[in-house]
Every structure is written in structure tokens, then in C-alpha cells.
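A.B. asks: Build me a model:
(one chain, ligands or ions: 1)
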Amino acid sequence: MTIAIIGCLHGNEVLGKRVIEFLRDRIDARFIIANPPAVEKGVRFIGTDMNRSFPGNPQGSQEETLAHALLAKLEGIEFVIDIHSTTAVTEGFVIAVERSPQALIDAVPLNKVVLMPRAFASGKSLIDHIPGVSLEFHEGIDPASVANVVAETVANMVSSRTVVKEMYVGKRMLQGDAIFENFKQVPGTGLYAILSGEKAYHGTCILCERVSH
Ligand SMILES: [Zn+2]
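C.D. replies: Prediction:
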């Protein structure tokens, strides 16, 4: 199994970097800090949101150039685990897309998975282009505990252990400054709030339907 652990697609999300530091000597994987220039500047991105810049373009923006180079670097990798952090107050959860392998989703020791329709990232997120999942955690979480989640995911893949999850499917964005409790129903919608309170989304959250398997 060849696996890559990706951190800092968003340069201000230092959690990924910290988690990779914990994991380097612990699991056999490729470790990649995706956007070092943005990390150095402490910004989410410099030209364009890197997780909306795939498959990239060697003549494009800073992030499109990096995205193009990253996909080349991931040649031969079976799947990626892409670590994000959010200002939204939320438990950690899995983000999956059509290309996410079910076995990988099942292996992550978290209780919730959100399936993002392709339209949400216009097919331009990393995991739209390589099999994998993104993991989203509150920015204040202890990086060591996230490292445990990643290490256990890899161990579960090897032993085919699965962790049953509540499944949510992204339906639409909700505009407005109101902040809702995440993974709880938003009154009057019948839908569940995800990433409400994420500052980078500027007054928007994602509304999801809860579905059974
Ligand atoms: Zn992010």
C-alpha cells in the first residue's frame, strides 16, 4: 500500500504540518506539505485556493503551479489522506467525493462522513483528482490525537477493520452570518449544518442531508 499524507493545502492550517511531524517516524508513508510558500506567509493561499486549483497549470497561479507539481509527485500513490483544520467548532469528520475509496472511508476512526457533490469544489479539489479523503478537524485539536487517527486509519486499511459512520450528503450552501451547531439540524430546513463558523467561508455554511447507508 502506497499512501501519501498531505498537510497545508491551505497554508494557514498548520495542524497538517504538526501531524506530519508526529507521523514521520511512525508510519510508512509519503509526507507532503502542499503549499510551503503560503505556510511561510501564514496565509490560506497566495494566488488561488489550492484546494480549488487542481489539476493545476504549470503556467498558472502560485497554487495552480503547485497543484500541477503535486499531482506529478503523487504518481504511483494509491491514496491520499489530506489533513485540514477549520475555525468552525466541530468534531473531526471525513470529507469524501466520488473518487474516495470506500475502504479508506471505512477505515478512518471518526464517526461522521460528509459526501461532497462534485459541484461544491467544481471538481477542482485534490481528492477529485486522486483517490483519497480529506479529514477536517477543529483548529484547536491536539495534533497528537489527529496523528493517532491517521495512524489508526492506515492500520485499519491493512487489517480491513471498518468503523461505521453517520453519513451526510452536501446539498446546498446557506448564506448569512448566523452560526449553527454543526451536525445539528438547521431549523426550518430539515438539513444539517456543516462547517458553520468557518471564517474562510465568509458567512456561509454547507447544508447536508443525513442518509442511511
Ligand atoms: Zn483546509
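
A.B. asks: Name the residues that touch the top strand by length along the chain?
C.D. replies: If you go by DSSP state E, the chain has its longest strand at strand 166-175. Strand 166-175 has contacts (CB atoms under 8 Å, 6 or more residues apart in numbering) with 111-117, 120, 183, 186, 189, 191-194, 203-213. Bear in mind the C-beta positions are built from the backbone N, C-alpha and C, glycine included.

A.B. asks: Report the buried residues of it.
C.D. replies: Glu166, Met167, Tyr168, Gly170, Lys171, Leu174 (16 or more other CB atoms under 10 Å).

A.B. asks: quick one: it to chain centroid distance?
C.D. replies: 15 Å (CA atoms, centre = their mean, to the nearest Å).

A.B. asks: Stretch 154-163 too?
C.D. replies: 19 Å.

A.B. asks: any chance you could map the strands in this protein?
C.D. replies: 3-7, 30-33, 79-86, 93-96, 112-115, 132-138, 166-175, 185-186, 191-194, 204-211.

A.B. asks: I'd like the average pLDDT over the fifth one.
C.D. replies: Mean pLDDT, computed over strand 112-115, is 97.

A.B. asks: The shortest one too?
C.D. replies: Averaged over strand 185-186, pLDDT sits at 96.

A.B. asks: Sheet-wise, list the partners of that strand with their directions.
C.D. replies: Sheet partners assigned to strand 185-186 using DSSP bridges are listed as strand 191-194 (antiparallel).

A.B. asks: Buried residues in the partner strand, which are they?
C.D. replies: Leu191, Tyr192, Ala193, Ile194.

A.B. asks: Likewise for stretch 182-191?
C.D. replies: For stretch 182-191, by 16+ other CB under 10 Å, it's Asn182, Phe183, Val186, Leu191.

A.B. asks: beta partners of the third one?
C.D. replies: Okay, so that is Val186. In beta-bridge terms (that is, DSSP bridges), Val186 pairs with Leu191.

A.B. asks: gap between it and the ion?
C.D. replies: For Val186, the distance to the ion equals 22 Å [CB to the ion, to the nearest Å].
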